[in-house]
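Asker: Give me the fold of what follows.
(chains A and B)
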Amino acid sequence: MPWSEILAQPLARRLGLLVLRRGSSGAFLLILAVLAVTAPNFLSPGNIANVFAQSAILGILAFGLTCVVIGGGSNVVAGGLDLSLAANLGLCAAVYSSLNNAGFDTVQAIGLTLLCGLAVGALNGFTVVVLRLPPLLATLASMNLIAGLELVLTQNSVLPTDSALLDTLAMGEWLQVPALAWMLLAVALLLGLLIQHSPYGLRLYAVGEYPEAARAAGLRVGLYVFSSYLIAGLCAGVAAFCSAAYFSGSTTGSGDMLLSVVAIAFLGVVFSRRLVANIPGTLLATLLLGFLINGFQLLNIASFWVNGVQGVLILLVVAMSSALRKEEGGL
Amino acid sequence: MTTLAATAVSRPLLSRLLRGILPLLIVAIVAFFSVAAPGFLSLGNLSSLVLNNFVLLAIVAIGMTWAVAAGGIDLSVGTAVDFASLAFVVLLNGGYGLVVAIPGALVAGALVGSFNAGLIAGLGITPFLATLGTLFIGTSVQQLLSDGGQPIYIAQPVLPGLTAVTWLGMPLPLWLVLAVATVYGVILARGRLGREILAVGTQVQLARYSGLSIRQISLKVFIASALACAVAGIVLSSTVNAYVPMSGNAFLINAIGAVFMGTTLSRTGRANIPGTLLGVLFINVIANGLLLIGWNFYWQQVATGGLILLVLAFSFASRRQSPSY
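Answerer: Below you'll find the predicted structure:
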């Protein structure tokens, strides 16, 4: 394939990277511009705040996956992957709704729900680090297990619940921005600081990209990988509150979000200079998808197109970046 | 390499035992259910287990086995099943008869496979992300074609009636599983293509330096995987006499689980057809047995997930070939 060979040369490669990097931000802006011109009310502050709020659930889950991908390496089969995130959210939301309905006080209910998310993360970390299962399989199996537990708890029905916390999240506003949007930004800020600007984050990247070098440098690789699954589990717990607020309780079918979460985390890669998973990139990818869905709604385009556009976006992005990383080779 | 050899020398019995864990577990579970669940061993139950549960998952998992053996994965098996099912139903309703509908369905499935193959072999996208993209696009196409997910029923006069056919006392779907398993199994275990697939799956760089065309092999693998799914699509729509949009996705998770449980049978941990079939049997026997002793679907899923995790943990703990932390 001639164009990939051209891209393999240093100068052209640098140029290609530039096009890809600026191109993806450019494409993002272009999509926004087109939607801004064509879709009525798209740029109104209320609508933008809405998109942020509606992106909170997917975004927070995708942050969790991003951490796992950073800590495990970006090879999708052998590297870091957490397929149980969406199921974990479902279980946590069900746990919170049940606890809240059973009369536990606010602190207990919140604490136990987050603990549930952490426990699932610990299970994943245990199977990956101690039992050495490939993450794809380990989290696939735990996804089944967790989805089953959620079904047992909810009997496959919606558990409506209502609490001051959920009311605040669903209805609260600060500076005319909904609380869910603040949640998304707060988690992005916290994880962004932790992953992109702390020694821990730097080491997590090292562990993911060069585990041998990281081990030689004295890092306890397993501990870092384990911690990335704990972060993911915690993200699922936090996202569960957003979901419970959005739907006024637990809902069925939260597992359907899984593939979108995976898509977002891998799309986020393209917003980084070195084509690695990163928190700001994931935030941008989340918002890009949120704006697309929102724009489609405003333009009255059938929502059936959303999946297809998402699929084409992934393929475009990955084809570009894999052409630039030919040296990795492999199937 | 050294650790692998050391393990083999120091714990030959244990590792041989772990390799046999899947068949042993199946025997144990069958024994348990035949005592605990009256009627489990009845002919009616066993034939419904095989015909309603085993056949479809087995065919899909056989296709997945090739993808995994080549070091990849096929997340779009459901899309191939659905597209084949859609083509089959539409062609039958159009009055073309089975002679056109069956090849038509196979072509529709192969189209999905070719799309994957183009992405993987042509654009160099990893199978996981390529087939993930296909899955998304396939979902959109189906939603658009079926008005958001409305089933299309086969008209009464053109019902295919394939599932009712028996030959030598065995129902046609079971013959199909046998045929697909034989073809895919023999090629993978004995054929030249099979050796090449396993070479690519084990050591892709080595395979490349030995002069194998990775591109051509992955092309064949992903088209073959989709063709198996197309057969499953035909059986599915002749069982339910309809095309139900996005119904193929139900097989994805269990197919992956079955294939990887099947790798426990192989000394080198490779995907193989007999292992895959045992994996499918394992999943189906548990679900059926738990149903008979009165566990509801929800607990079945918990138990199945837990048991799959257990089998995988045993097999990988015995192998020690995955990265050590």
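Asker: now the most centrally placed residue in chain B: how far from chain A?
Answerer: Centroid check for chain B by C-alpha atoms, centre = their mean gives residue B:61 as the closest residue, at 0.8 Å. Between residue B:61 and chain A the computed distance is 14 Å (C-beta to the nearest C-beta, to the nearest Å). In short, each C-beta sits where N, CA and C put it, glycine included.
Asker: same deal with residue B:28?
Answerer: Remark: distance between residue B:28 and chain A (C-beta to the nearest C-beta) = 20 Å.
Asker: which SS class is that residue?
Answerer: Taken by DSSP: H, G, I helix; E, B strand; the rest coil, the conformation at residue B:28 corresponds to helix.
Asker: how deep is it tucked in, by neighbour count?
Answerer: A count of nearby residues for residue B:28, using other C-beta atoms under 10 Å in any protein chain shown, gives 11.
Asker: Can you give me the buried ones in the strand or helix carrying residue A:180?
Answerer: Element membership for residue A:180, per DSSP states H and E: helix A:179-196. Neighbour counts over helix A:179-196 (16 or more other C-beta atoms under 10 Å in any protein chain shown) mark A:179, A:180, A:181, A:182, A:183, A:184, A:185, A:187, A:188, A:191, A:192, A:195 as buried.
Asker: which helices and strands does it pack with?
Answerer: helix A:45-54, helix A:56-72, helix A:164-171, helix A:199-209, helix A:221-247, helix A:279-298 (3 or more C-beta pairs under 8 Å, 6 or more residues apart in numbering or on different chains; DSSP states H and E).
Asker: Could you export that helix as PDB, CA atoms only?
Answerer: Only the C-alpha atoms of helix A:179-196 are listed here, as PDB (Å, rounded to 0.1, in the frame of the first residue of the first chain):
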ATOM      1  CA  ALA A 179     -25.200  19.600  38.100                       C
ATOM      2  CA  LEU A 180     -24.600  16.600  35.800                       C
ATOM      3  CA  ALA A 181     -22.400  18.800  33.600                       C
ATOM      4  CA  TRP A 182     -20.500  19.900  36.700                       C
ATOM      5  CA  MET A 183     -20.000  16.300  37.600                       C
ATOM      6  CA  LEU A 184     -18.600  15.500  34.200                       C
ATOM      7  CA  LEU A 185     -16.200  18.500  34.400                       C
ATOM      8  CA  ALA A 186     -15.200  17.700  38.000                       C
ATOM      9  CA  VAL A 187     -14.300  14.100  37.300                       C
ATOM     10  CA  ALA A 188     -12.500  15.200  34.100                       C
ATOM     11  CA  LEU A 189     -10.500  17.700  36.100                       C
ATOM     12  CA  LEU A 190      -9.700  15.400  39.000                       C
ATOM     13  CA  LEU A 191      -8.600  12.500  36.700                       C
ATOM     14  CA  GLY A 192      -6.900  14.900  34.400                       C
ATOM     15  CA  LEU A 193      -4.800  16.200  37.200                       C
ATOM     16  CA  LEU A 194      -4.100  12.700  38.500                       C
ATOM     17  CA  ILE A 195      -3.300  11.100  35.200                       C
ATOM     18  CA  GLN A 196      -1.700  13.800  33.100                       C
END
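Asker: any idea how far residue B:73 is from chain A?
Answerer: Relative to chain A, residue B:73 is positioned 6 Å away (C-beta to the nearest C-beta).
Asker: so that residue sits in a helix?
Answerer: No: assessed with three-state DSSP, residue B:73 is coil; it does not lie in a helix.
Asker: which phi and psi does it have?
Answerer: Main-chain torsions, residue B:73, degrees, to the nearest 10: phi -160, psi 150.
Asker: Please identify the helix or strand for the closest residue to residue B:298 other than its chain neighbours.
Answerer: Counting by C-beta to C-beta, 6 or more residues apart in numbering or on different chains, residue A:151 is the residue found nearest to residue B:298 once chain neighbours are left out, at 3.6 Å. Secondary structure from DSSP H and E places residue A:151 in helix A:135-154.
Asker: quick revisit: any chance you could list what contacts the helix holding residue A:180?
Answerer: Applying C-beta atoms under 8 Å, 6 or more residues apart in numbering or on different chains, the set of residues contacting helix A:179-196 from outside is A:49, A:52-56, A:59-60, A:63, A:66-67, A:70, A:168-174, A:200-201, A:204, A:231, A:235, A:238, A:241-242, A:245-246, A:278-280, A:283, A:286.
Asker: just the angle between it and helix A:221-247, please?
Answerer: Regarding helix A:179-196 and helix A:221-247, their directions subtend 170 degrees when assessed with axes from the mean of the first three to the mean of the last three C-alpha atoms, to 10 degrees.
Asker: and helix A:179-196 with helix A:164-171, angle?
Answerer: If you take the same axes, to 10 degrees, helix A:179-196 sits at 100 degrees to helix A:164-171.
Asker: where in the stretch 101-250 of chain B is pLDDT low?
Answerer: Regions of the stretch 101-250 of chain B meeting the criterion pLDDT under 70 are absent.
Asker: which residues in it form helices?
Answerer: Ranges of helices in the stretch 101-250 of chain B, per DSSP state H, counting those that start in this stretch, are B:127-145, B:172-190, B:192-202, B:204-209, B:214-240.
Asker: Which elements pack onto the longest one?
Answerer: Of the remaining helices and strands, those touching helix B:214-240 by 3+ C-beta pairs under 8 Å, 6+ apart are helix B:55-69, helix B:77-93, helix B:98-117, helix B:127-145, helix B:172-190, helix B:192-202, helix B:204-209.
Asker: still on that earlier bit, tabulate the buried residues of helix A:179-196 (JSON lines), appending distance to residue A:258 and pLDDT.
Answerer: As requested, these are exported to JSON lines (distance: C-beta to C-beta, whole Å; pLDDT from 0 to 100):
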{"residue": "A:179", "distance to residue A:258": "25", "pLDDT": "84"}
{"residue": "A:180", "distance to residue A:258": "20", "pLDDT": "86"}
{"residue": "A:181", "distance to residue A:258": "23", "pLDDT": "86"}
{"residue": "A:182", "distance to residue A:258": "25", "pLDDT": "89"}
{"residue": "A:183", "distance to residue A:258": "20", "pLDDT": "88"}
{"residue": "A:184", "distance to residue A:258": "19", "pLDDT": "90"}
{"residue": "A:185", "distance to residue A:258": "24", "pLDDT": "91"}
{"residue": "A:187", "distance to residue A:258": "19", "pLDDT": "92"}
{"residue": "A:188", "distance to residue A:258": "20", "pLDDT": "92"}
{"residue": "A:191", "distance to residue A:258": "20", "pLDDT": "91"}
{"residue": "A:192", "distance to residue A:258": "23", "pLDDT": "90"}
{"residue": "A:195", "distance to residue A:258": "22", "pLDDT": "87"}
